[in-house]
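Engineer: This is the structure alone, sequence omitted:
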C-alpha cells in the first residue's frame, strides 16, 4: 500500500476541513455572551478586532492546497513551509482566543481544537509528499 498517496489525499481532506472549520464556533466568551468563529469580526471599545484569524487561515490553507496538487519538488518544499507557518498561526490563534484572566470566562468549543489538529495533520502530510516516480528520479 502506498502510504504517501494516502497522505496526499488526507492532506487534501484536512485542507478543505480546516477551511470549513473557520465557519463553525471556536470559543464563547461568557462575560459578554458572544460566540466567535473565524469570520465573526467584532470591534470592541479598546479597538481590538476578533474574528479575522479565519481569513488568514483560509488563505494559507488555499495556497497550501494549490501546492499540494502540484507535482514539483519545489512546490512540495514551499508547501511544507506554508504548512509550518499555518501551524504557528493556528497555535497563536488558539492562545489568543482561549486566553482569559479568570476561570470559566472562556468556553472552548470544537472549532478551536479542530484548527490546531487539522493544521498538524497538514504539516505531517507535507513532510511526506507524493510525487510520481518519473519526476522523483528525474526521468521523463
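Structural biologist: Received the coordinates, thanks. Since we're looking at a predicted model, the values are computed, not measured. Numbers count the residues shown, from 1 in each chain.

Engineer: next structured bit after whichever strand or helix holds residue 90?
Structural biologist: Using DSSP states H and E, residue 90 maps to helix 73-98. Next helix or strand after helix 73-98 toward the C-terminus (DSSP H and E): strand 106-108.

Engineer: contacts for whichever helix or strand comes after that following strand?
Structural biologist: Downstream of strand 106-108, the first helix or strand assigned by DSSP H and E is helix 110-127. By Cβ atoms under 8 Å, 6 or more residues apart in numbering, the surrounding residues in contact with helix 110-127 are 7-8, 10-11, 14-15, 17-18, 21-22, 24-27, 37-38, 57, 61, 64, 68, 76, 79-80, 82-84, 86-87, 89-91, 93-94, 97-98. No exception for glycine: its C-beta is placed from N, CA and C like everyone else's.

Engineer: Show me what counts as buried in the strand or helix carrying residue 6.
Structural biologist: According to DSSP H and E, residue 6 maps onto helix 3-21. For helix 3-21, the neighbour count (16 or more other Cβ atoms under 10 Å) marks 7-8, 11-12, 14-15, 17-19, 21 as buried.
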